[in-house]
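Chemist: Sharing a sequence plus its predicted fold:
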Amino acid sequence: MESCKSCKIRSKAVEVLRSEEVVILENNCAEVELDEGEIIIKEGSLSSHIAYLKEGLAKVHKKGVKGTDQILKILQPGSYIGMQTVLSSKIHQYSASTIEKSKVCYIDITSFKQLIAKNAAFANELILYLCRDELSYFDRFVNVHQKQIDGRLADTLLFFSDEIAKNKKFKIPLKRYDLAALVCSTRESVTRAIKDLTDIGTIKVNGKNFEILNYDLLKKISEKG
């Protein structure tokens, strides 16, 4: 396993650890390679480790009252998974699974808590991370409840283009029903929305591969909802 100190995508929290604390982290951390669709953490299971997404993409999802999965967000490399459970509960309140081949670092909870108690700067960076994550989720919550399906789909396409691929040509490694769960809609509605955006020349689609042809128009659809 690569040293935490030399890891190119180590978090800002790890960057403020002292040398002896990095040793504690490394001695209580294991890197695991996961294939697409594998579980990182499971809702309802006992929490024993914090997960850190080092490579790949993952989805956070939670079962609703009808037993269907709702995708809450997409995670990129550099994301902590299950940290809320460490600070508030012993049981995972949501699941996370990979949507493409990924590398995940699992950190022992006891050691993680020890580092929080020992290093105020480490704790502060984790609080900042949680605050940014929560504010981002607030924006997404408002958008999925106040925008029409075309606006919600436009938001998702722009997210994958701007934040993940950083290119107008990109792949969304989700099946259509998962894409529907992400934008809080049905598979049929998402299929129609994709066709609508294609028909007006905004995007080009080939399976899971997308290309934004008219970025300004897609941005306007996103903003107007």
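Modeler: It's in. All values reported here derive from a predicted model rather than from experimental measurement. Numbering: from 1, shown residues only.
Chemist: Name the SS class of residue 179, please.
Modeler: Residue 179 falls in the helix class when you classify it by DSSP: H, G, I helix; E, B strand; the rest coil.
Chemist: show me what contacts the closest residue in space to it that isn't next to it in sequence?
Modeler: For residue 179, ignoring the flanking residues on the chain, the nearest one in space by C-beta to C-beta, 6 or more residues apart in numbering is residue 190 at 5.5 Å. (Glycine included, C-beta is placed from N, CA and C.) Residue 190 is in contact with 149, 153, 176, 179-180, 183, counting by C-beta atoms under 8 Å, 6 or more residues apart in numbering.
Chemist: ok now the lowest-mean-pLDDT helix or strand in the chain, how far from the chain's centre?
Modeler: Each helix and strand of the chain was given a mean pLDDT (mean pLDDT, DSSP states H and E); the minimum falls on helix 83-88 at a mean of 77. Remark: helix 83-88 is offset 17 Å from the chain centroid, using C-alpha atoms, centre = their mean, to the nearest Å.
Chemist: ok, now stretch 40-47?
Modeler: 16 Å.
Chemist: Contacts for it next, please.
Modeler: With C-beta under 8 Å, 6+ apart as the contact definition, stretch 40-47 has outside contacts at 34, 51, 53, 58, 62-63, 81-82, 85-86, 89-98, 104, 109.
Chemist: beta partners of the residue most central in space within the chain?
Modeler: Taking C-alpha atoms, centre = their mean, the centroid of the chain lies closest to residue 75, which sits 1.5 Å from it. Beta bridges link residue 75 to residue 58, judged by DSSP bridges.
Chemist: For the longest helix anywhere in the chain, what does the pLDDT average out to?
Modeler: Taking DSSP state H as the criterion, the chain has its longest helix at helix 120-146. Helix 120-146 carries an average pLDDT of 89.
Chemist: residue boundaries of the strands in the protein?
Modeler: With strands called from DSSP state E, the chain shows them at 29-34, 39-41, 49-55, 58-63, 69-75, 79-81, 95-98, 102-108, 169-171, 203-206, 209-212.
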